[in-house]
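K.L.:
quick one: sequence plus predicted model below, questions after.
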Amino acid sequence: MTGDYEDLGLTPEEELDLEADWNLPLAFTKQRHTEKIEGTTTLTQTWRMKERMKTVSVALVICLNVGVDPPDIVKTQPCARLECWIDPLSTSPQKALEGIGANLQKQYERWQPRARYKQSLDPTVDEVKKLCTSLRRNAKEERVLFHYNGHGVPKPTVNGEIWVFNKSYTQYIPLSVYDLHSWMGTPSIYVYDCSNAGIILKSFRDFSTQGDKPTEEAALNASQTSTSSLASTSTTAVKSCIQLASCGPNELLPMSPDLPADLFTSCLTTPIKIALRWYVLQNSGKLISGLTQERVDRIPGQLNDRRTMLGELNWIFTAITDTIAWNVLPRDLFQKLFRQDLLVASLFRNFLLAERIMRTYNCTPVSCPALPPTYQHHMWQAWDLALDLCLGQLGDILDNGASFKHSPFFAEQLTAFQVWLNYGSIDRNPPEQLPIVLQSDIKAGPNNTVFTKHCRQNACIGKFYVSRPLCGKSFHSSNIYIIDITLQCRGNHCLIFHSHFRFLGLILHQHHLTNTKILFTPSGRVS
């Protein structure tokens, strides 16, 4: 080695020093320094919707043939007559049909005002085909809704057929729901309001099962029936359709003259109105003296104004139905039905009411995907109590002009949530009041300073924790801070909050957050 340094002109001492340097141990040679560098694995926020969807087109198909009853249903006398809150016998058949179609469109527009609506009144097969293909073409990859009122035609058949008319209205013409699906495409949602409506869902399931068995015999049968138009349609696409039916396969719609004939549609599109009517018909309504249907129809306020009685009832109803669904449904199903599409979420919240009301008349609304029974959930008692407290004031408000006293519902739910935070066990379940808490507006009074302390990352809040440091934004209309936080959870308890509500309120009374109010939006948007 010494000879290698001769050409450098080094002295023997310098050569020894240089050789000693080469023999020094190398640094950063351990495995942790040489292995491939990989980033840390982060927890996926599965509660946040990756894909939002919108119902952009709605087909309203109404088959009434006013004045002519279908041949296979014997109606009671008197019987239910109201369609979209219109008595079809109070005017000429054509005017009644047009008024019912206009009212149904207005009822849907409350839930989705920007959708494209098309009516088809007492249509033929060709008219339904033209309507559905046109809406699908304009909707592209967005969802289309098909609403079918079959109160003036025979019941659906076991072969999966609904009924429409011929051009001269002298015959009932069958329309295969499989052909209907091929015209509607996917994604789509169907609402069937007719007797024996559940048989339509059964036919869809049978078709899907047959599609899972691609045998030669199944292929031959498919080519010889009206389902040939769906031969190239995947089974997955059929199963992805959302369907709501008014009753089971062997059930007739209620005919009580105290109810509307389209009770199912009323529950889906005007839930507060039908809930109040049903309340009056029940024994609980008799506890309030002087409460009649005429007085209930005069409840002051607007549905979208929370300061009024009608608006507050609507607000409470939304919170309760959302809470029932969040506590009962599997998380993935809840996310699909209640957080992906605003119109679908509204229909399924109202579907829970339809199940509760119609079961008292021996009707069981069904859906696909199927929901577990919710008609006996204890949160309905909270709804009944809210109606008791609000309607108990109605006489004084209408007769004496008294001011409306707001319901203590949200305050009581916040108290229950505080109890869960302070006294819950270590292995407690998520609080069932949480969706209600998130819908309550927390408004700071003039003397309440809303502030935030330095909260360290992953600060524990019960079972849930903040996944990133809190960041405050000034909200100029009042002395409030909007806190943008992301909630996650530990273990198998997954919070699914991507709500469409503008503001979500949460009061946290725990240790360092005592007397602290935080307003936050899971999506981080303030509008």
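P.N.:
Received, thanks.
K.L.:
going by C-alpha atoms from here, please, whenever you check contacts or count neighbours.
P.N.:
Fine.
K.L.:
pLDDT weak spots in the protein?
P.N.:
The chain contains residues with pLDDT under 70 at 1-8, 42-51, 208-239, 284-286, 424-426, 441-527.
K.L.:
which residue is nearest the middle of it?
P.N.:
residue 345 (1.8 Å; Cα atoms, centre = their mean).
K.L.:
residues in contact with it?
P.N.:
Each residue near residue 345 by Cα atoms under 8 Å, 6 or more residues apart in numbering is listed here: 337-339.
K.L.:
so which of those is the most crowded?
P.N.:
In terms of neighbour count, residue 338 stands highest of the contacts of residue 345 at 25 neighbours, by other Cα atoms under 10 Å.
K.L.:
quick one, strands of the stretch 151-300 of the chain?
P.N.:
Assigned by DSSP state E, counting those that start in this stretch, the stretch 151-300 of the chain shows strands spanning 161-165, 172-176, 188-193, 242-245.
K.L.:
looking at the ones you listed, which is nearest to residue 420?
P.N.:
Evaluated over the strands of the stretch 151-300 of the chain, closeness to residue 420 peaks at strand 242-245, with 35.8 Å, by Cα to Cα.
K.L.:
how far does that closest one sit from its chain's centre?
P.N.:
13 Å (Cα atoms, centre = their mean, to the nearest Å).
K.L.:
on contacts alone, who are the packing partners of that strand?
P.N.:
Packing partners of strand 242-245 (3 or more Cα pairs under 8 Å, 6 or more residues apart in numbering; DSSP states H and E): strand 188-193, helix 198-211, strand 366-368.
K.L.:
element containing residue 356, please.
P.N.:
If you go by DSSP states H and E, residue 356 is part of helix 342-359.
K.L.:
show me which residues of that helix are buried.
P.N.:
Neighbour-count burial for helix 342-359 flags 342-358 (criterion: 16 or more other Cα atoms under 10 Å).
K.L.:
contacts made by the helix or strand encompassing residue 317 with the rest, please.
P.N.:
Secondary structure assignment for residue 317, by DSSP H and E: helix 309-328. With contact meaning Cα under 8 Å, 6+ apart, helix 309-328 is reached by 272, 299-306, 334, 338, 349-350, 352-353, 372, 374, 377, 379-380, 382-383, 386-387, 390, 404, 406-407, 409, 432-436, 439.
K.L.:
got phi/psi on residue 149?
P.N.:
The phi and psi values for residue 149, taken as degrees, to the nearest 10, are phi -110, psi 110.
K.L.:
picking that back up, out of the contacts of residue 345, which comes closest to residue 416?
P.N.:
Using Cα to Cα, residue 338 is the member of these that lies nearest residue 416, at 23.9 Å.
K.L.:
isn't that closest one right up against residue 344?
P.N.:
Yes. Between residue 338 and residue 344 there is a contact at 7.0 Å, judged by Cα atoms under 8 Å.
K.L.:
just the helices in the stretch 351-500 of the chain please.
P.N.:
With helices called from DSSP state H, counting those that start in this stretch, the stretch 351-500 of the chain shows them at 379-391, 394-400, 409-423, 434-439.
K.L.:
so which of these is the most surrounded?
P.N.:
The highest average neighbour count among those, using mean count of other Cα atoms under 10 Å, belongs to helix 434-439 at a mean of 22.
K.L.:
run the chain-centre distance for that helix.
P.N.:
Put simply, helix 434-439 sits 15 Å off its chain's centre (Cα atoms, centre = their mean).
K.L.:
which helices and strands sit right next to it?
P.N.:
Packing partners of helix 434-439 (3+ Cα pairs under 8 Å, 6+ apart): helix 309-328, helix 409-423, strand 504-508.
K.L.:
ok so, going back, what's the next secondary structure element after the helix holding residue 317?
P.N.:
Elements were assigned by DSSP H and E; along the chain past helix 309-328, the next helix or strand is helix 331-338.
K.L.:
count of neighbours near the closest residue to residue 248 other than its chain neighbours?
P.N.:
Spatial nearest neighbour of residue 248, excluding adjacent residues (Cα to Cα, 6 or more residues apart in numbering): residue 198 at 4.2 Å. Per other Cα under 10 Å, the neighbour tally for residue 198 reads 25.
K.L.:
how about the contacts made by residue 198?
P.N.:
Contact partners of residue 198, counting by Cα under 8 Å, 6+ apart, are 245-250, 365-366.
K.L.:
what is residue 57 paired to in the beta sheet?
P.N.:
residue 116, residue 144 (DSSP bridges).
K.L.:
thinking it is in contact with residue 135, fair?
P.N.:
Yes. Under the criterion of Cα under 8 Å, residue 57 makes contact with residue 135 at 6.0 Å.
K.L.:
who touches both of the two?
P.N.:
Joint contacts of residue 57 and residue 135 (Cα under 8 Å, 6+ apart) are residue 144.
K.L.:
ok now do residue 202, which residues does it touch?
P.N.:
Counting by Cα under 8 Å, 6+ apart, the residues that residue 202 touches are residue 249.
K.L.:
I'd like to know how far it sits from residue 196.
P.N.:
To residue 196, residue 202 is 11 Å away according to Cα to Cα, to the nearest Å.
K.L.:
shared neighbours of these two, which are they?
P.N.:
Residues within reach of residue 202 and of residue 196 at once, by Cα under 8 Å, 6+ apart, are residue 249.
K.L.:
endpoints of stretch 109-116, how far apart?
P.N.:
Taking Cα to Cα, the first and last residues of stretch 109-116 lie 9 Å apart.
K.L.:
buried sites along that stretch?
P.N.:
For stretch 109-116, burial by neighbour count (16+ other Cα under 10 Å) applies to 109, 111-112, 115-116.
K.L.:
columns distance to residue 281 on top of those residues, output as CSV?
P.N.:
As requested, the buried residues of stretch 109-116 are arranged in CSV below (distance: Cα to Cα, whole Å):
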residue, distance to residue 281
109, 28
111, 27
112, 30
115, 35
116, 36
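K.L.:
widest-spaced pair of these?
P.N.:
Maximum distance among those (Cα to Cα): 12.6 Å, for 111 and 116.
K.L.:
outside of stretch 292-307, which residues touch it?
P.N.:
The list of residues contacting stretch 292-307 from outside it, by Cα under 8 Å, 6+ apart, reads 273, 276-277, 280, 308-312, 314-315, 394.
K.L.:
gap between it and the chain center?
P.N.:
Chain-centre distance of stretch 292-307: 24 Å, with Cα atoms, centre = their mean.
K.L.:
and if you look at stretch 93-113?
P.N.:
Using Cα atoms, centre = their mean, the offset of stretch 93-113 from its chain centre is 22 Å.
K.L.:
stretch 175-195 now?
P.N.:
Its chain's C-alpha centre and that of stretch 175-195 lie 20 Å apart, by Cα atoms, centre = their mean.
K.L.:
use 22 as the first number for this chain going forward.
P.N.:
That works, and once the first residue is 22, the last one we named lands at stretch 196-216.
K.L.:
okay, how far is it across that stretch, tip to tip?
P.N.:
16 Å.
K.L.:
do the same with stretch 280-288
P.N.:
Stretch 280-288: ends 11 Å apart by Cα to Cα.
K.L.:
residues contacting residue 276?
P.N.:
Counting by Cα under 8 Å, 6+ apart, residue 276 touches 96-97, 100-101, 282.
K.L.:
weed out the non-buried ones from those.
P.N.:
101, 282.
K.L.:
how about the contacts of residue 276 in a markdown table, adding distance to residue 204?
P.N.:
Listed next are the contacts of residue 276 as a markdown table, based on distance: Cα to Cα, whole Å:
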| residue | distance to residue 204 |
| --- | --- |
| 96 | 33 |
| 97 | 37 |
| 100 | 35 |
| 101 | 33 |
| 282 | 29 |
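K.L.:
having no further points to raise, I will conclude here.
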